[in-house]
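**Q** I'll drop the sequence and a predicted model, then ask my questions.
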Amino acid sequence: MENIVKPYKSDSTKKSQVTEMFNKIAPKYDLLNRVLSLGIDTIWRKKAIANLNIDDHKKILDVATGTADMTLEIFKQLKPEEIVGLDISDKMIEIGNKKLLKRKLDNLIKLEVGDSENMRFDDNYFDATTVAFGVRNFGNLEKGLSEMHRVIRPGGKIVILEFSRPMYFPFKQLFNLYFKYILPTIGKWTSKDKKAYSYLYESVQAFPDYDRFGNILTSLGFRSVTWKALSLGICTIYTGIK
C-alpha cells in the first residue's frame with residue numbers, strides 16, 4: 001500500500017492539495033527547477049525522451065505536463081503527429097500555453113486541464129505516454145498508471161522520469177541534507193510556499209522507487225519493464241510496453 005504524503009496538513013484529499021500547491025507555485029516553477037537542479041533537469045528529460053522514436057510513437061500524451069517543458073522537448077526531438085499535455089493545475093497549463101504562443105506552437109501542441117486518474121481519451125488511442133516528475137503527485141498512484149495503460153495502444157510505450165533516492169554513501173546523505181533542509185528554504189524565499197518544497201523531499205522518501213515501482217508497472221499489465229538511475233540515483237527513468 002502506498003504511503004500517502006500530502007503537501008499541507010488538512011483533511012482535504014492529496015489530489016486537491018497537490019492542485020492547490022501547484023497553482024500557488026506555478027509562476028516560479030520553471031525558475032526553481034533550473035536553479036535547484038543546476039539545469040540538469042533539462043538533460044534528464046532529453047534522456048527520457050530518447051526512449052521514444054517517431055516511427056513507433058506518432059501520438060503522444062504527456063501526463064502531469066506542468067508548464068509543458070516535457071511536452072515541448074518531445075515536440076522538439078520527435079515532431080509527432082499529435083501531442084497532448086495534460087495537467088490538473090490550471091495555472092500551470094496557463095503558463096504552458098503562454099510558452100506555446102511565444103514559440104508559435106499553439107496549433108501544433110495541445111495543452112489541457114485534466115485528471116490523470118480519469119482521462120477523457122479513448123482506449124488504445126496513444127502510441128506512448130510520458131510523465132516527468134509527476135507520478136509522485138498522483139492522488140492514487142495505481143489508478144493514474146492504470147489510466148495511462150488504458151489509453152496506450154497494444155505495443156505502445158510508457159516512459160516515466162521520477163525522482164528517486166540515491167543509494168550510495170556519501171551522496172545519499174548529501175542529497176537528503178539538501179532536499180530536506182536547503183531546498184525548502186530556497187523554495188520559501190522564491191515561491192513563498194516553503195511547504196511545497198518540504199513536500200518534494202517527503203514525497204520522494206515515500207515513493208516506491210527502483211524495483212518496487214517496476215513491479216507496480218508489471219502488476220498493472222506493462223511488460224518489458226526497465227529502469228535506469230541517473231545522476232547517482234537522483235532520478236530514474238522507467239519504461240514499459242503495453
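**A** Yep, it's here. What you see is a predicted model, and the numbers here were worked out from it, not measured in a lab.
**Q** looking at it, residue 123 is touching residue 148, isn't it?
**A** No: between residue 123 and residue 148 no contact is recorded; they are 11.9 Å apart, counting by CB atoms under 8 Å. For the C-beta atoms, the positions are set from N, CA and C on the backbone; glycine is no exception.
**Q** so these two - more neighbours on which side?
**A** Higher neighbour count among residue 123 and residue 148: residue 148, with 29 against 9, using other CB atoms under 10 Å.
**Q** SS state for the more buried one?
**A** Taken by DSSP: H, G, I helix; E, B strand; the rest coil, the conformation at residue 148 corresponds to helix.
**Q** if I read this right, it contacts residue 158, doesn't it?
**A** Yes: the criterion here is CB under 8 Å, and residue 148 meets it with residue 158 at 5.9 Å.
**Q** mutual contacts of the two, please.
**A** Both residue 148 and residue 158 are in contact with residue 129, where contact means CB atoms under 8 Å, 6 or more residues apart in numbering.
**Q** and for residue 107, the neighbour number?
**A** Neighbour count for residue 107, taken as other CB under 10 Å: 7.
**Q** which helix or strand in the chain has the lowest average pLDDT?
**A** Lowest by mean pLDDT, DSSP states H and E among the helices and strands of the chain is helix 183-191, with a mean of 71.
**Q** so what touches the helix or strand just after that helix?
**A** Next helix or strand after helix 183-191 toward the C-terminus (DSSP states H and E): helix 194-206. By CB under 8 Å, 6+ apart, the residues outside helix 194-206 that reach it are 2-8, 21, 24-25, 32, 136-137, 163-165, 176, 179-180, 183-188, 191.
**Q** quick one, longest strand in the chain?
**A** strand 152-163 (DSSP state E).
**Q** that one - contacts with which helices or strands?
**A** If contacts are counted by 3 or more CB pairs under 8 Å, 6 or more residues apart in numbering; DSSP states H and E, strand 152-163 sits against helix 40-49, strand 126-132, helix 141-151, strand 235-241.
**Q** what comes up buried for the longest one?
**A** Judged by neighbour count (16 or more other CB atoms under 10 Å), helix 141-151 contains these buried residues: 141, 144-145, 147-151.
**Q** re earlier: can you list the strands that the longest strand of the chain pairs with?
**A** Paired with strand 152-163 in the same sheet, following DSSP bridges, are strand 126-132 (parallel), strand 235-241 (antiparallel).
**Q** dump those into CSV; add distance to residue 59 as well.
**A** Below are those laid out as CSV (distance: least, CB to CB, whole Å):
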stretch, distance to residue 59
strand 126-132, 5
strand 235-241, 16
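**Q** what's the most buried one of those?
**A** Ranked by average neighbour count under the criterion mean count of other CB atoms under 10 Å, the strands paired with strand 152-163 are headed by strand 126-132 at a mean of 28.
**Q** the inter-axis angle of that strand versus helix 40-49?
**A** 160 degrees (axes from the mean of the first three to the mean of the last three CA atoms, to 10 degrees).
**Q** just the CA coordinates for strand 126-132, please, in PDB.
**A** Output in PDB follows, covering the C-alpha atoms of strand 126-132 (Å, rounded to 0.1, in the frame of the first residue of the first chain):
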ATOM      1  CA  PHE A 126      -1.900   7.000 -28.000                       C
ATOM      2  CA  ASP A 127       1.300   5.300 -29.100                       C
ATOM      3  CA  ALA A 128       3.100   6.400 -25.900                       C
ATOM      4  CA  THR A 129       2.500   8.300 -22.700                       C
ATOM      5  CA  THR A 130       5.100  10.100 -20.600                       C
ATOM      6  CA  VAL A 131       5.400  11.600 -17.200                       C
ATOM      7  CA  ALA A 132       8.200  13.800 -15.900                       C
END
